[in-house]
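Q: Test case, fold it:
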Amino acid sequence: MQPVNTPAMRSAWATALSGLLALAVAMGIGRFAFTPILPMMQEDANLSVAEGGWLASANYLGYLIGALTAMAGGTGQRLAIRLGLLSIAVATLEMGFATGLGAWLVLRALPGFASAWVLVNVSAWSLDRLAKAGRGDLSGVVYAGVGAGIFFAGLACLAVSRAGRGSAEAWLALGLSAALATALLRRTASGDTTRGPGAIGVRVSLREIPDFWRLVFCYGAFGLAYIIPATFLPVMAKRIVSDPLWFGWAWPVFGAAAVASTLLAARLTAATSYRTVWVLGNLVMAAGVLIPVVMPGLGGIIVSALFVGGTFMVNTMVGLQEARRIAGPHVKVLMAAMTSAFAAGQIAGPLLVSVLNMRNGFTAALAVAAIPLILAAYLLTSSGGAPQSSATTTKTEQP
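A: Residues are numbered from 1 along each chain as shown. Here you go, the predicted model:
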């Protein structure tokens with residue numbers, strides 16, 4: 001282990017913290033800021049749950065397109081990160097001024113696209129540098145940025161609401177925060193001229209990749225299941241108690257759980273396989289999705305936030321790690337397919353709520369979403385890919 005205060009150690013920590021801050025903006029604001037602001041927009045902009053579902057799906061459609069184009073490569077990592085963060089900051093600020101569903105749809109799709117670019121390129125840049133520094137263990141710090149961004153966005157919206165302000169002020173506050181973080185990260189990937197992940201091969205036979213469709217389905221099921229509570233938990237909480245001092249805590253709890261679980265996941269994967277952790281994550285997430293159905297009330301909402309928030313980033317990391325282990329040289333083909341399925345699930349989730357909420361509230365949508373997640377947990381317990389402890393794989397290999 002390197003001494004704590006060596007230049008190499010300081011450089012590794014600088015890389016990890018830069019990645020953390022970039023993902024906090026990209027995911028906490030670019031992807032998920034809409035979740036804590038949705039109840040505020042319902043209050044002051046008369047936004048319906050169905051319209052909220054469309055806005056969420058616009059963001060996830062942008063993410064799908066962004067993920068696929070980012071995987072194709074062709075853009076320098078430094079440029080992609082900077083443009084992505086800048087786009088998120090501008091679009092978030094514009095949400096504070098724009099009115100009307102049409103404008104909002106565009107302004108939610110753009111950060112979705114940009115967040116995918118930032119996620120892919122920050123992963124490629126930071127994890128490569130950490131691996132070369134022999135500090136692959138700091139990858140958990142990088143991905144903790146997602147939960148940290150969610151936690152910050154939730155607290156910011158809670159503060160705005162308690163101050164008697166509305167959704168426009170919340171968008172402006174988060175947009176300014178994103179702009180400040182972007183300015184702080186202006187040197188991110190400085191000096192790197194490497195390009196993003198290379199183009200995905202199109203001539204690979206799917207028979208060369210064990211468990212291809214199994215992993216694609218399981219990752220898509222995860223995308224569908226987690227996105228409903230990840231989008232609508234504060235709305236569900238608001239239906240139970242109208243005081244934002246109480247319902248507003250659902251989202252910060254979600255983010256805090258994501259931070260803690262990401263940092264702890266490395267220890268668990270060192271003791272067992274990626275697939276085992278994924279199965280456990282699916283089962284805990286399924287419980288989190290179903291808890292508001294069987295335990296109505298604010299307590300059920302908070303437990304759901306803990307269970308789903310505590311598994312969604314762990315499932316993301318171990319799912320992509322398992323793809324790397326299974327696919328070998330064809331990993332980009334499998335990752336692209338899994339990412340597409342994940343994004344498709346995210347798009348379908350809010351639309352499912354829009355359809356089923358008209359008759360049964362959130363109960364039916366949550367129950368339907370949990371089914372493929374439980375099925376995925378079962379499918380992951382038996383497959384053609386040989387089980388293998390992640391402790392026996394190269395720990396610097398990261399998604």
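Q: going forward, measure contacts between C-alpha atoms and count neighbours the same way
A: Will do.
Q: Could you check how many residues crowd around the residue nearest to residue 32 when sequence neighbours are not counted?
A: Using C-alpha to C-alpha, 6 or more residues apart in numbering and skipping residues adjacent in sequence, the residue nearest residue 32 is residue 150, 6.7 Å away. Neighbours of residue 150 under the rule other C-alpha atoms under 10 Å: 30.
Q: And residue 150, which helix or strand is it part of?
A: For residue 150, the element it lies in under DSSP states H and E is helix 139-162.
Q: what is the mean pLDDT for whatever helix or strand residue 260 lives in?
A: Per DSSP H and E, residue 260 falls inside helix 250-271. Helix 250-271 comes out with an average pLDDT of 81.
Q: Could you do stretch 139-159 as well?
A: 89.
Q: before we move on, what about stretch 285-302?
A: The model assigns stretch 285-302 a mean pLDDT of 87.
Q: remind me which residues of the stretch 101-250 of the chain are low pLDDT?
A: 187-208, 241-247 (pLDDT under 70).
Q: May I ask you to confirm that residue 57 is in contact with residue 351?
A: Yes. Contact between residue 57 and residue 351 holds when scored by C-alpha atoms under 8 Å: they sit 7.1 Å apart.
Q: out of the two, which sits in the busier spot?
A: Counted by other C-alpha under 10 Å, residue 57 and residue 351 do not tie: residue 57 has more neighbours, with 26 against 22.
Q: how close does the more buried one sit to residue 160?
A: Distance from residue 57 to residue 160, counting by C-alpha to C-alpha, to the nearest Å: 25 Å.
Q: Check residue 316 too.
A: 31 Å.
Q: Could you do residue 113 as well?
A: Distance from residue 113 to residue 160, by C-alpha to C-alpha: 27 Å.
Q: Who has more neighbours out of those two?
A: More crowded of residue 113 and residue 160, by other C-alpha under 10 Å: residue 113, with 29 against 20.
Q: What residues sit buried inside whichever strand or helix holds the more buried one?
A: Assigned by DSSP H and E, residue 113 falls within helix 101-132. Neighbour-count burial for helix 101-132 flags 104-131 (criterion: 16 or more other C-alpha atoms under 10 Å).
Q: so what does it touch, helix or strand wise?
A: helix 7-23, helix 49-71, helix 77-95, helix 139-162 (3 or more C-alpha pairs under 8 Å, 6 or more residues apart in numbering; DSSP states H and E).
Q: how far out from the middle of the chain is the second one?
A: It refers to helix 49-71. 12 Å (C-alpha atoms, centre = their mean, to the nearest Å).
Q: before we move on, what about the longest one?
A: For helix 139-162, the separation from the chain centroid amounts to 12 Å (computed by C-alpha atoms, centre = their mean).
Q: What is the next helix or strand after it packed up against?
A: Once the chain leaves helix 139-162, the next helix or strand it forms, by DSSP H and E, is helix 167-184. Packing partners of helix 167-184 (3+ C-alpha pairs under 8 Å, 6+ apart): helix 7-23, helix 34-44, helix 77-95, helix 139-162.
Q: Show me what the second one is packed up against.
A: For helix 34-44, the elements it packs on are helix 49-71, helix 139-162, helix 167-184, helix 212-240, judged by 3+ C-alpha pairs under 8 Å, 6+ apart.
Q: Now do the buried residues in the last one.
A: Spelled out, that is helix 212-240. Residues of helix 212-240 classed as buried: 212, 214-238 (neighbour count, 16+ other C-alpha under 10 Å).
Q: relative orientation of that helix and helix 34-44 in degrees?
A: Computed by axes from the mean of the first three to the mean of the last three C-alpha atoms, to 10 degrees, the angle separating helix 212-240 from helix 34-44 equals 40 degrees.
Q: Please name every helix or strand in contact with helix 212-240.
A: Right, helix 212-240 is packed against helix 34-44, helix 244-247, helix 250-271, helix 274-294, helix 298-309, helix 312-327, helix 331-360, helix 363-380 by 3+ C-alpha pairs under 8 Å, 6+ apart.
Q: now the second one
A: Using 3+ C-alpha pairs under 8 Å, 6+ apart as the contact criterion, the neighbours of helix 139-162 among helices and strands are helix 7-23, helix 34-44, helix 101-132, helix 167-184, helix 244-247, helix 250-271.
Q: In that helix, which residues have enough neighbours to count as buried?
A: 139-161.
Q: try the third one
A: Of the residues in helix 167-184, those with enough neighbours to count as buried (16+ other C-alpha under 10 Å) are 167-179, 181-182.
Q: Out of these, flag the one nearest to residue 365.
A: residue 167 (26.0 Å; C-alpha to C-alpha).
Q: Would you confirm that the closest one contacts residue 40?
A: Yes. When contacts are counted by C-alpha under 8 Å, residue 167 is listed as touching residue 40 (5.2 Å).
Q: The residue nearest to residue 311 when sequence neighbours are not counted and residue 313: what is the separation?
A: Spatially, and ignoring its direct neighbours in sequence, residue 311 is nearest to residue 281 (5.4 Å; C-alpha to C-alpha, 6+ apart). Applying C-alpha to C-alpha, the value for residue 281 to residue 313 is 10 Å.
Q: Look at those two and report which has more neighbours.
A: With neighbours defined as other C-alpha under 10 Å, residue 281 and residue 313 compare such that residue 281 has more, 25 against 22.
Q: quick one: pLDDT of that one?
A: We have a pLDDT of 93 for residue 281.
Q: residues touching it, list them.
A: Applying C-alpha atoms under 8 Å, 6 or more residues apart in numbering to residue 281 gives the contacts 311-312, 314-315.
Q: Could you list the domains of this protein?
A: 12-187, 206-391 (automatic domain parsing).
Q: Could you identify the buried members of the contacts of residue 281?
A: Looks like these have 311-312, 314-315 buried, using 16+ other C-alpha under 10 Å.
Q: If we only consider the residues you listed, which is nearest to residue 52?
A: Nearest to residue 52 among the buried ones among the contacts of residue 281 is residue 312, at 21.4 Å by C-alpha to C-alpha.
Q: The closest one and residue 226 touch, don't they?
A: Yes. With contact defined as C-alpha under 8 Å, residue 312 counts as touching residue 226 (6.8 Å).
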